[in-house]
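J.: pasted the sequence and its predicted model underneath.
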Amino acid sequence: MNWTLEVIVVPVTDLDRAKSFYADQLGFAVDHDTRVSDSVRVIQLTPPGSGCSVVIGKGIAEMTPGSLRGLQLVVNDLRAAHAQLVARGVQCSPVMYFGRDGTQRAAEAGDDLNNSGFVYFSDPDGNAWAVQQITARG
């Protein structure tokens with residue numbers, strides 16, 4: 001039996017601002033924006049190529065906006081992803097490299113970023129995201 005992770009609820013304060021950030025700046029597809037009532041609204045967005053979506057909403061979860069840490073996206077070309085984020089106006093870290101000795105530094109041209117390269121950003125509420133390069137698993 002497969003157990004798949006399909007949705008992560010991300011707590012935000014302003015739904016329209018968050019929808020714009022995730023859709024327009026990060027490029028997530030808006031799967032639906034459903035207003036059930038004045039007190040319940042659900043917006044589901046999916047990163048390109050992902051089997052897992054994020055949901056932002058009103059009246060769906062009791063979490064403090066900006067409280068999520070460690071959300072992680074995976075790409076196969078971190079430098080290209082970083083350039084895309086910057087071009088879309090996302091404030092993010094430079095490409096970072098984690099050495100086998102546990103040190104972290106700005107990535108250099110010759111660094112193999114597979115499993116070792118990261119970029120960090122936060123949404124407008126402060127929910128913290130990482131983007132990791134994984135080009136080969138194993």
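T.: That came through fine.
J.: use CA for all of it now, contacts and neighbours both
T.: OK.
J.: report the buried residues of the longest helix seen in the chain.
T.: Longest helix in the chain by number of residues, with DSSP state H as the criterion: helix 78-87. Of the residues in helix 78-87, Leu78, Arg79, Ala81, His82, Leu85 count as buried by neighbour count, 16 or more other Cα atoms under 10 Å.
J.: ok now the helix or strand following that helix, how far from the chain's centre?
T.: Counting by DSSP states H and E, the element after helix 78-87 in chain order, helix or strand, is strand 96-98. Centroid displacement of strand 96-98 relative to its chain, using Cα atoms, centre = their mean, to the nearest Å, is 18 Å.
J.: could you do stretch 74-92 as well?
T.: Worked out by Cα atoms, centre = their mean, stretch 74-92 lies 11 Å from the chain centre.
J.: what sits up against that stretch?
T.: Defining contact as Cα atoms under 8 Å, 6 or more residues apart in numbering, one finds that stretch 74-92 is touched by 24-26, 94-95, 113, 117-122, 131-135.
J.: quick one: buried ones out of those residues?
T.: Among those, those classed as buried by 16+ other Cα under 10 Å are 25-26, 94-95, 113, 117-122, 131-134.
J.: quick one, strands of this structure?
T.: Using DSSP state E, the strands of the chain run over residues 7-9, 29-37, 40-46, 53-58, 71-75, 96-98, 104-106, 117-122, 128-133.
J.: ok, back up a step: just the closest of the buried ones among the contacts of stretch 74-92 to Ile60, please.
T.: Closest approach between those and Ile60, by Cα to Cα: Ser122, at 21.5 Å.
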